[in-house]
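Asker: predicted model follows, preceded by the sequence.
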Amino acid sequence: MNVHDSEKILGVLETEGFIRTDNPRFADLIIFNTCSIRQKAEQKFYSELGRIKSYKKINPHLKIAVAGCIAQQEGKKIFKRARHVDFIFGPQNIMALKHFAAEGHVPVAVEENPLIAIEDLPARRSAGISAWVTIMYGCNNFCSYCVVPYTRGRERSRPSEHIVAEVSKIAKEGYREVTLLGQNVNSYESDVDFPGLLRKLDGVGGIERIRFVTSHPKDLSTDLINAIKELPKVCEHIHLPLQSGSTAILKMMNRRYSFEDYIEKISALRDKIPNISITSDIIAGFPGETDEDHRLTLKALREIEFDGTFAFKFSPRPGTKAATIHENLTEEMKSERLYEILALQDTITEKKNKAIEGAIQEVLIEGSSENGNGNLTGRTRTNKIVDIRANEIVKGTLVDVEITKGKKHSLQGKLVG
Ligand code: 5AD
Ligand code: SF4
């Protein structure tokens, strides 16, 4: 979501006549688009911000702006901490960038923006075959550990016709895959609900694949499962953050589902779409998490067998409810738990990747392999990366590939026919 916000920032600047440079030393404007989901991201930002101060000595016209969730959270306090910052704008106020250069304009924009869903900011996407499209902003869920509802504000859905128009436009520009973005896409609501939106988008010519992130388990409906099954372009992959395998911890997280509810959703998905890949997010060491709670999370991973997970150590975020709960675990204990989760998931991912050796999968070619081995790289419909021994195929083509090897983090394959 943040990377796509950066594309919108670039889009707005481009309409204002700015030209992008790859070298910050040549820049007249440097914008930090920050993330505050966990503390580590915040620390990285402050050290980068300090490092860039000397650039103002080289170029006295240089302006420095701070955008994103740290900007939203800290507001004008950032000026106190770093006097070399000129503008501050939050994720709901990218449009404000248009006015900052104007004489006498207030250099801070962190208001809640009720019009965000109809703003239609221009995005400058990097060239490729896959594009992000925002379908909704904000979040109303207030999971107790999460800063997003505070920084990104209330849920607001874009009108479906605006989304269809944007997807049609990017299809004409050559993109073949679209990933719909929202903190909780299952609560999308305009003239249609989320499955209704998928049905509309499935009809857009030129687009071959539709993906979406993120789904909240409590809002995953039968109608959505049917839409994934029935709509040819909607890929068989869902990112469904579990966060913890312990119902007691889920309650403290304010997730509003029990582990049993979650398992029911997984069964419903797998019953209807047997080949669906399911990925998840896990938080290790939430305040109050006992050895038994942690054991339940490991048990959940073994039982569900996700295709992949992102796991994070709990990080107290200012202003959230969980930040006020006493932390019973040391940093080392949290790290240990995280390591156990990651190591277990690695073995499961590898096992799942090995299980599809010999299978034929449809792959969308994205470009040259990052391994620098001259191969091509692409993704299966289930969002697994495949390294393919071939080099003449054009980016954006759909090909059938036989999976020859399943590895921990990727697959190898060869063209069929
Ligand atoms: N600490 C650790 N992980 C967090 N996440 C969100 N907030 C926190 C936090 N305070 C994780 C959740 C979410 C993912 C995007 O980031 O797992 O699903
Ligand atoms: Fe954060 Fe929960 Fe909203 Fe996701 S659903 S953005 S974890 S508050």
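Answerer: All right, it came through fine. Ligands and ions are numbered 1, 2, ... in the order given.
Asker: residues in contact with Lys200?
Answerer: Going by C-beta atoms under 8 Å, 6 or more residues apart in numbering, Lys200 touches 160, 163-164, 192. Just so you know, the C-beta spots here come from the backbone N, C-alpha and C atoms, and that holds for glycine as well.
Asker: which of the residues you listed are buried? Put it as a PyMOL command.
Answerer: Buried residues among those (16 or more other C-beta atoms under 10 Å), as a PyMOL selection:
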select buried, resi 160+163+192
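Asker: so which of the contacts of Lys200 also contact ligand 2?
Answerer: Filtering these for proximity to ligand 2 by C-beta under 6 Å from any ligand atom leaves nothing.
Asker: got JSON lines for the contacts of Lys200, with secondary structure and distance to Glu177 too?
Answerer: Shown next, in JSON lines, are these (DSSP: H, G, I helix; E, B strand; the rest coil; distance: C-beta to C-beta, whole Å):
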{"residue": "Ser160", "secondary structure": "helix", "distance to Glu177": "19"}
{"residue": "Ile163", "secondary structure": "helix", "distance to Glu177": "15"}
{"residue": "Val164", "secondary structure": "helix", "distance to Glu177": "16"}
{"residue": "Val192", "secondary structure": "coil", "distance to Glu177": "21"}
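Asker: any idea which element the residue lying closest to Asn371 once chain neighbours are set aside lies in?
Answerer: Nearest residue to Asn371, sequence neighbours excluded (C-beta to C-beta, 6 or more residues apart in numbering): Asp387, at 6.4 Å. If you go by DSSP states H and E, Asp387 is part of strand 385-388.
Asker: how far away is Pro241 from Ala343?
Answerer: In this view, Pro241 and Ala343 are 20 Å apart by C-beta to C-beta, to the nearest Å.
Asker: revised request: answer the last question for Tyr175.
Answerer: Distance, Tyr175 to Ala343, using C-beta to C-beta: 37 Å.
Asker: now swap in Leu198 and tell me
Answerer: Applying C-beta to C-beta, the value for Leu198 to Ala343 is 36 Å.
Asker: more neighbours: which of Pro241 and Ala343?
Answerer: Pro241 (20 against 10; other C-beta atoms under 10 Å).
Asker: got a list of what Asp281 touches?
Answerer: Applying C-beta under 8 Å, 6+ apart, we find Asp281 in contact with 239, 241-243, 309-312.
Asker: can you say which of those are buried?
Answerer: 239, 241-243, 309, 311-312.
Asker: so which of those residues are in strands?
Answerer: Mapping the buried ones among the contacts of Asp281 onto strands (DSSP state E) picks out 239, 309, 311-312.
Asker: many thanks, have a good one.
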